[in-house]
Every structure is written in structure tokens, then in C-alpha cells.
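Visitor: Need the 3D shape of this:
(one chain, ligands or ions: 1)
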Amino acid sequence: MQCPHYDARRCRSCTLIEIDRPTQVAGKEAHVRDLLAAHDVTWLPAVTGAESGFRNKAKMVVTGTVDAPVLGIVGPPGPYAGQSVDLTDCGLYPPALQAAFGPLAELITRARLQPYDLSPAATPDRDGPGTSARRRKVTPRDAARRGELKHLLVTLSPDGELMVRLVLRSTEAVARIRKHLPWLQAALPGLAVLSVNVQPVHAAVLEGEQEIVLTERETLPMRVDGITLHLRPQSFFQTNTEVAAALYRQARAWVDEVAPASLWDLYCGVGGFALHCAAPGRSVTGIEISAEAVASATTTAGELAALPADAVVGGHDAAWWRAATANLTFDAGDATGFALGTDADPELVVVNPPRRGIGTDLARRLEASNARHVLYSSCHAVTLARDLAEMPSLRPRRAVLLDMFPQTDHYEVLVLLERSRA
Ligand SMILES: C[S@@+](CC[C@H](N)C(=O)[O-])C[C@H]1O[C@@H](n2cnc3c(N)ncnc32)[C@H](O)[C@@H]1O
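Guide: As a prediction, the model looks like this:
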């Protein structure tokens, strides 16, 4: 893929952009196969979606001035080091996401949102979990920092609707933003959710805990395979909707083949795996640390349970969904704490942890359980391989690489583990 920002060294986020796509994918396959070399795994062909325009979410640093805000990044080491770099035409964003940046820049001017004075090291990582901004420490210089608006976070739904989050240092500008909301809604008819996230600390984290939703609607409907997942401002959603849908479909295919009567979906987020894997006669429990994500997943389950009689969702009618959701529950909590807190074992466990993996305690709990299968979806194969080593009785049998983050060396891998009978 060609990118003028990369070529000019204004942005170097897409570390593999000079390599053609088949070679990128082959390199990722070699990486993961090497990490799983000790196991006898049957690999499906890699899943690849679009190589550009695939990101459903933009994390923009806001620099410049109130009258000429710049949405993008702070330049990386090189000729643009420390400078404002406009990335509103970044080729990773779909056109509908790019088109939102103009009106949002105008909102910044109209509402007089002073861009925050960010140092170069506060550039957010644009390639998924784990951000350089998160790793920054608060410094004594922080007291001198000026400005209000730190980041602009924009998510585009498959139906073309938008969730916009303004990360501000304080609530000082909230009334002004509220005043200009009708204008923004006219300029961006797809705007479903507008919120302010308050992040008072100097860039130690990308966003803060307090979220003030300014629109009537609080969730962005993300339709995946006909199932409407409800995204709230602080909930996780897979970055690449097309590849996420393929991930959930593959998980469902393997789960249906194994046909477990009971399933846990640990680290369930807004419920993508659990809702795809629900079926009549199957009990499904989703566990997730974020209470707001659990509320979203519960909403979707409730909607599917109450479909109009003539509705068909994901190829199933209302009666099927009523039966499939009869034993589908979501609870907020720590995945490891939940698993260690019960003696009951499901027949199959789905895990989709953050980059750090599931860790020793949960891996040992699963190893010692009666679960016949584990389906592990990982965005960091190094921690996956480490976790597998803690579960020697659960043997990886099938796997597939999903190229969720083209142009970078990140990828998702889904592995079906089966308990060995020996
Ligand atoms: C990679 S995301 C996967 C979410 C979901 N499975 C999906 O497909 O969208 C990891 C999720 O784990 C959640 N999480 C992080 N730490 C957790 C913990 N200790 N226990 C349970 N969930 C946790 C995060 O909030 C996030 O939603």
C-alpha cells in the first residue's frame, strides 16, 4: 500500500506498509506457526479482509490551535519529530470515518476547545491494545500544561453511524459542547453518540474514568452477522469489523461442531463470542470486567429473546433465539476470580483476553478442569504460547490466523484446544 505520510516520515505506524500483503500475511503465519511449533495443529488458510479502510475506530491526538486544530499524531522521530501531523486522510480509515473529521474540527473551533499541549511521547499507539500514551509517567512539568482537548476518539458502525468521544482535561468546556451539539448533529447526521471523557492527568492514560454522554442515545449499534452488539463509550470492540465477524463465525463453526451443552465466554466484552455461540439447549455464561460492556451484552440478549415472531436474525427465527437465549447470562467480574470461585466446569471455555494473556492462575484452573475444549482467541501469540505451556492436557488441534491489523505485525489467532484422553 502507498502512503504519503509514511513516505515523508510524518507517520511510521504502519511498519509493514512497504511489504506486499501476501508477504505480510506469510510472515505473520511463520511467526505464529513457529510459536506453536511444539503442537500438532491443523491450520486453516489465513483470513484476510480489506488491506485499507478497515479500521472502525480512529484515535486522534488533537494539536494545533482552536482556530486551526490538527487531528492526527505528534510526529515520530525524524524530520517531523514533535510536530503536528494531520492524519485525517489516513488510508486505514474508511471514507465515512475520514468524512467525519472536517465537521469535528469545526466543532473544536465553534466550541473553543483549546488543544492540549502534548509532548511527542504522548502519541497513542494506533495499532491496537497497549499504547505508548498509557506507558507515560506523570512529570513535574505537568502542572504547566495548557489546553483542554487531548484526544478525539471516533468509531464508525457498519451501518454508517458514529460514536464520537472528546477526551478533555476537565469539564470546563462541557456546556459549550452541549450548546453546539444541534449544529454537530446537522453537520454529521450519522452521529449516534457524543460523549466527553474526562482525563485530568497528563497523558498517563489515553482516557479517564468519567464519561459524560451528551446525546440521548448512549450506545452505538454494531451489527455483526445480523446480531446487534451495543457499543458503549468505554467498551472494547474489535478494530476491524469485517475480520471480527469472520472470527466470531469461525468460533461458532467449531463450537457447533463440538456441540457443548455448556460454555463460558471469558473476557466477553459486549458479547461477540457468546452471542454467536448461543444455541437452544446450550447454557452460555459471559464474564467481563467492564460492567458497561456486560450491560450491552445483556441488552442484545434481551432483544434476541424478544424478537417479533416473523423476524430472522443470523439465519434463525424468533423461536430459535428465544430458546438460545433462555440460558444465556452475562456477569461483571474478573475472569480468573470467576473461574476460581466455582467448582462447576463447562464443557467448553472461550477465552479472548487482552494482550497479557490469561495468565498462570486461569491457565492452571482450565488445565485442572473437566472442560473438554478451550477456544483461545489471542491478539498476542507470545502470551498465547506461554499460556498453552501451562495447559499441557489441552492440546491445540486447529488454528487460524486472522489478519485483523494489516500493515502492522499484529494479528489475531484463534486456536481450538482439545483435552487429550491420555
Ligand atoms: C480482547 S478484548 C475481547 C472482548 C470480546 N471478547 C470481543 O470479542 O470484543 C478483552 C476484554 O477483556 C476485558 N477484561 C480485561 N481484564 C479482564 C479481567 N481481569 N477479567 C475479565 N475481563 C477482563 C476487557 O474489558 C475487554 O473487554
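
Visitor: and the chain, what are its domains?
Guide: Split into domains by automatic domain parsing, the chain comes to 4-51+240-419, 57-217.

Visitor: Relative to the ligand, which of those domains is closest?
Guide: Judged by Cβ to the nearest ligand atom, the one of the domains of the chain that comes nearest to the ligand is domain 4-51+240-419, at 2.7 Å. Any C-beta I mention is one placed from the backbone N, CA and C, and that applies to glycine too.

Visitor: can you tell me if the closest one touches the ligand.
Guide: Yes - using Cβ under 6 Å from any ligand atom, domain 4-51+240-419 reaches the ligand at 267-269, 272-273, 287-290, 293, 334-335, 352-354, 379.

Visitor: List only buried entries from those residues.
Guide: 267-269, 272-273, 287-290, 293, 335, 352-353, 379 (16 or more other Cβ atoms under 10 Å).

Visitor: Out of those, list just those in helices.
Guide: The helices, defined by DSSP state H, take in 272-273, 293, 335 from those.

Visitor: between the residues of domain 4-51+240-419 next to the ligand, which is nearest residue 173?
Guide: residue 290 (26.3 Å; Cβ to Cβ).

Visitor: Tell me, what's the model's pLDDT at that closest one?
Guide: What the model reports as pLDDT for residue 290 is 96.

Visitor: Contacts only, for it.
Guide: The contact partners of residue 290, by Cβ atoms under 8 Å, 6 or more residues apart in numbering, come to 234-236, 269, 332.

Visitor: now with 6 Å?
Guide: Shown in contact with residue 290 (Cβ atoms under 6 Å, 6 or more residues apart in numbering): residue 235.

Visitor: Do a quick rundown of the helices in this structure.
Guide: 4-7, 21-35, 95-98, 101-110, 132-135, 174-187, 241-258, 272-277, 291-305, 318-324, 335-340, 359-367, 381-389.

Visitor: deepest of those helices, which one?
Guide: For the helices of the chain, the largest average neighbour count (mean count of other Cβ atoms under 10 Å) is found in helix 272-277, namely a mean of 27.

Visitor: Report all helices and strands that that helix contacts.
Guide: When contacts are defined as 3 or more Cβ pairs under 6 Å, 6 or more residues apart in numbering; DSSP states H and E, helix 272-277 packs onto helix 241-258, strand 262-266.

Visitor: Kindly indicate which of the buried ones among the residues of domain 4-51+240-419 next to the ligand lies nearest residue 62.
Guide: Residue 62 lies nearest to residue 290 out of those, by Cβ to Cβ, at 25.4 Å.

Visitor: how much space between the closest one and residue 394?
Guide: Using Cβ to Cβ, to the nearest Å, one gets 27 Å for the distance from residue 290 to residue 394.

Visitor: Please apply the same query to residue 415.
Guide: As judged by Cβ to Cβ, residue 415 and residue 394 stand 10 Å apart.

Visitor: again with residue 288
Guide: From residue 288 across to residue 394, the span is 22 Å (Cβ to Cβ).

Visitor: residues contacting residue 294?
Guide: Residue 294 touches 288, 330, 332, counting by Cβ under 6 Å, 6+ apart.

Visitor: contacting residues around the last one?
Guide: Right, residue 332. With contact taken as Cβ under 6 Å, 6+ apart, residue 332 is in contact with 291, 294.

Visitor: Just the pLDDT for it.
Guide: Confidence score, pLDDT, at residue 332: 98.

Visitor: Give the bridge partners for it, please.
Guide: residue 288 (DSSP bridges).

Visitor: how near is it to residue 366?
Guide: Residue 332 sits 21 Å away from residue 366, going by Cβ to Cβ.

Visitor: Point me to the residue of the stretch 101-250 of the chain nearest the ligand.
Guide: residue 236 (3.6 Å).

Visitor: Wait, that residue touches residue 269, no?
Guide: Yes - if you go by Cβ atoms under 6 Å, residue 236 and residue 269 touch, sitting 4.8 Å apart.

Visitor: circling back to that earlier point, which one of the helices and strands packed on helix 272-277 lies closest to residue 24?
Guide: Per Cβ to Cβ, nearest to residue 24 of the helices and strands packed on helix 272-277: helix 241-258, 13.9 Å.

Visitor: quick revisit: what is the nearest of the ones in helices among the buried ones among the residues of domain 4-51+240-419 next to the ligand to residue 180?
Guide: Nearest to residue 180, judged by Cβ to Cβ, of these is residue 293 at 29.5 Å.
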